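Asks: next input, structure requested:
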Amino acid sequence: MRRLFLATLLCPTLLLAQGTPIRPHAELKTGTAVEKMEIVGESAAFKVAAGSKIFVWAKVMGAADTTVTFVFTKGDKTSKQALKVPRSPYRTHAYRTFRKGDEGEWTVTLIGDQEAVLGSATFKVELQ
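Replies: Reported below is the predicted structural model:
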């Protein structure tokens with residue numbers, strides 16, 4: 001009788017703990033560096049010297065055992081970097097080196113399986 005009582009109390013809790021799968025999504029931040037898996041110098045506008053890197057940090061959720069792609073876009077300029085996501089949640093980052101002619105507003109999009117957009121961020125670059 002006692003076991004039956006415990007089972008009726010625990011079963012709903014166990015079912016809720018398993019829950020429904022999380023829809024793949026990501027939180028993105030832009031900055032001047034990544035240290036200890038956190039963004040440093042977070043901003044949406046950068047005034048940097050030519051040859052500087054701007055980092056995009058992402059916390060990816062619900063996309064374990066997949067590959068995600070960071071896509072940096074400004075007008076017709078595009079650069080991509082694919083990275084593996086071994087577990088969820090997972091923190092990762094990518095960067096782009098900005099050279100003369102790269103000034104302006106950029107968008108970085110994180111693309112998952114089946115070309116699903118997991119997240120995006122925009123930032124402005126001004127070269128000194």
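
Asks: all strands of the protein, in order?
Replies: 25-31, 33-35, 38-40, 45-48, 52-61, 66-74, 77-85, 90-98, 104-111, 117-127 (DSSP state E).

Asks: ok, now which ones touch the spatially most central residue of the chain?
Replies: The residue lying closest to the centre of the chain (C-alpha atoms, centre = their mean) is residue 58, at 2.5 Å. With contact taken as C-beta atoms under 8 Å, 6 or more residues apart in numbering, residue 58 is in contact with 26-29, 68, 70, 91-94, 110, 118-119. C-beta: built from backbone N, CA, C; applies to glycine.

Asks: again, only using 7 Å
Replies: Neighbouring residues of residue 58 by C-beta atoms under 7 Å, 6 or more residues apart in numbering: 26-28, 92-93, 110, 119.

Asks: same question for residue 37.
Replies: Residue 37 touches residue 91, counting by C-beta under 7 Å, 6+ apart.

Asks: try residue 25
Replies: By C-beta under 7 Å, 6+ apart, the contact list for residue 25 reads 61-62, 118-119.

Asks: so which bits of stretch 98-109 are buried?
Replies: 98, 102, 106, 108-109 (16 or more other C-beta atoms under 10 Å).
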